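Student: make a model of this:
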Amino acid sequence: RRAAPATAPTAPTLTPSGADAATAPASLGAQGGRKATRGWLAGWLQASMGARLSTIGEPTGGALALGYAFLLAVNTVVGAGLFGVTDNGTLSNSYPTEVTPAGWTFAIWGPIFLLQGGGTAFYALGGAADAGRAAAIGAPWLLTWMLENSWQGCFLTAPMPPASATRGRKLATSLPCAALLVGAHAAMMAAALNLRGSSTAVAASPLGALLVDFATGLNAGWLAAASGIGISLAASHAPTTAIRRLAEPRGAGWLLAALGTYGGCASAYLASSPHSLCVGAGYAAATAWACRGILGRQALAPQVARSARFGIRAVLVGLAAGALKAFSKR
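Tutor: Next up, the predicted model:
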């Protein structure tokens, strides 16, 4: 008899429970090297923002379709000002910030909704080759849509006209609105990280790359820009002068520069794997579009303009660097 061939032991992976996270720093000291540190940080980010959403269960195709239908219904009502509600455009124009893009920039919601509508159908009817990738976005997409709808409802409580309300009253609306936008971005980033994760390490079909991968990155990038607007608006109504400076031209420039840096890093990381290149491309496209919209405003502070141009360069460089790394792995 011949002995069974020995198999190489598999490397331990970071689990969503965080058990490895407690021991990772000590093990890194033993292993050493910047590469190990980056690998652990990437794994921790994936586990904390992406994989933990899987604990709420994978939604059915019908549930995702219902969530998408409700998203469209809410946005139709608010966008058109039906049933006596103030339309979203009027509210946004009444509460401008230094980092709010020109009005035409918000047309990006059309492609986002259209692509996600196709992605929803793809999720429900997707072939076996893309089943794992489609399943990776189900729960995060639903959570994102819930938070976006909640933001719409919260923003409708903004007092009109703004001058009729106190700073505290406006903060009571703008602060939870900012938190909801940040939460929506985090949820969509969870979907993006899931798509990049090792559990979906298979190339998407061309249709899946467009309707699932690119749509996820596009929505995540745009929600990051929207979060910046929300933070700036909340800061403008803060009770202390130090926080309100974040809404002034200089502070808004620093906020936008931070978002550009974050966008460049996110685009590079998401695009750095061959099976998630389109996710990074979508994120970079949305961020660049938002910065271009800021530059398209009629009145723009020089500090904000510089940061907007920096943001465009940051995401393009990040996307190029990520793509080069992805192609080097093929």
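Student: and the helix or strand hosting Ile312, what does it pack against?
Tutor: If you go by DSSP states H and E, Ile312 is part of helix 302-328. Judged by 3 or more Cβ pairs under 8 Å, 6 or more residues apart in numbering; DSSP states H and E, the packing partners of helix 302-328 are helix 249-271, helix 277-295. The C-beta positions use only the backbone N, C-alpha and C, and glycine is treated the same way.
Student: out of those helices, which comes closest to Glu98?
Tutor: Of all the helices and strands packed on helix 302-328, helix 249-271 sits nearest to Glu98, with 3.5 Å by Cβ to Cβ.
Student: relative to helix 277-295, how tilted is that closest one?
Tutor: If you take axes from the mean of the first three to the mean of the last three Cα atoms, to 10 degrees, helix 249-271 sits at 160 degrees to helix 277-295.
Student: which parts of this protein are helices?
Tutor: 19-31, 34-45, 61-80, 88-94, 109-125, 131-135, 138-155, 167-196, 206-208, 215-236, 241-244, 249-271, 277-295, 302-328 (DSSP state H).
Student: just put those in TSV and tack on mean neighbour count, mean pLDDT and distance to Ala102.
Tutor: Below are these laid out as TSV (neighbours: other Cβ atoms under 10 Å; pLDDT from 0 to 100; distance: least, Cβ to Cβ, whole Å):
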stretch	mean neighbour count	mean pLDDT	distance to Ala102
helix 19-31	12	44	43
helix 34-45	14	50	33
helix 61-80	16	93	17
helix 88-94	15	93	11
helix 109-125	18	92	14
helix 131-135	20	75	34
helix 138-155	21	97	19
helix 167-196	22	97	19
helix 206-208	16	87	32
helix 215-236	26	98	13
helix 241-244	12	95	24
helix 249-271	22	97	15
helix 277-295	26	97	5
helix 302-328	19	96	11
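Student: among those helices, which comes closest to Thr100?
Tutor: Thr100 lies closest to helix 215-236 among those, at 5.4 Å (Cβ to Cβ).
Student: for the helices and strands packed on helix 302-328, please prepare CSV with the additional fields distance to Gly183.
Tutor: Shown next, in CSV, are the helices and strands packed on helix 302-328 (distance: least, Cβ to Cβ, whole Å):
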stretch, distance to Gly183
helix 249-271, 16
helix 277-295, 18
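Student: I'd say Pro162 and Pro96 touch.
Tutor: No. When contacts are counted by Cβ atoms under 8 Å, Pro162 is not listed as touching Pro96 (9.9 Å).
Student: Gly103: which of the helices of the chain is closest?
Tutor: In terms of Cβ to Cβ, the element of these nearest to Gly103 is helix 88-94, at 7.2 Å.
Student: alpha carbons of the closest one, in PDB - could you do that?
Tutor: Provided in PDB are the C-alpha atoms of helix 88-94 (Å, rounded to 0.1, in the frame of the first residue of the first chain):
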ATOM      1  CA  ASN A  88     -35.600  67.200  -2.600                       C
ATOM      2  CA  GLY A  89     -34.200  69.800  -5.000                       C
ATOM      3  CA  THR A  90     -35.800  72.700  -3.200                       C
ATOM      4  CA  LEU A  91     -34.600  71.400   0.100                       C
ATOM      5  CA  SER A  92     -31.000  71.000  -1.100                       C
ATOM      6  CA  ASN A  93     -30.900  74.500  -2.700                       C
ATOM      7  CA  SER A  94     -32.200  75.900   0.600                       C
END
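Student: packing partners of it?
Tutor: Helix 88-94 packs on helix 61-80, helix 138-155, going by 3+ Cβ pairs under 8 Å, 6+ apart.
Student: who touches it?
Tutor: Residues from elsewhere that reach helix 88-94, judged by Cβ atoms under 8 Å, 6 or more residues apart in numbering: 78-79, 81, 100, 103, 106, 152, 155-156, 158, 160-162.
Student: next, the angle from the helix holding Ile312 to helix 277-295.
Tutor: If you take the same axes, to 10 degrees, helix 302-328 sits at 170 degrees to helix 277-295.
Student: helix 302-328 to helix 215-236, inter-axis angle?
Tutor: 160 degrees.
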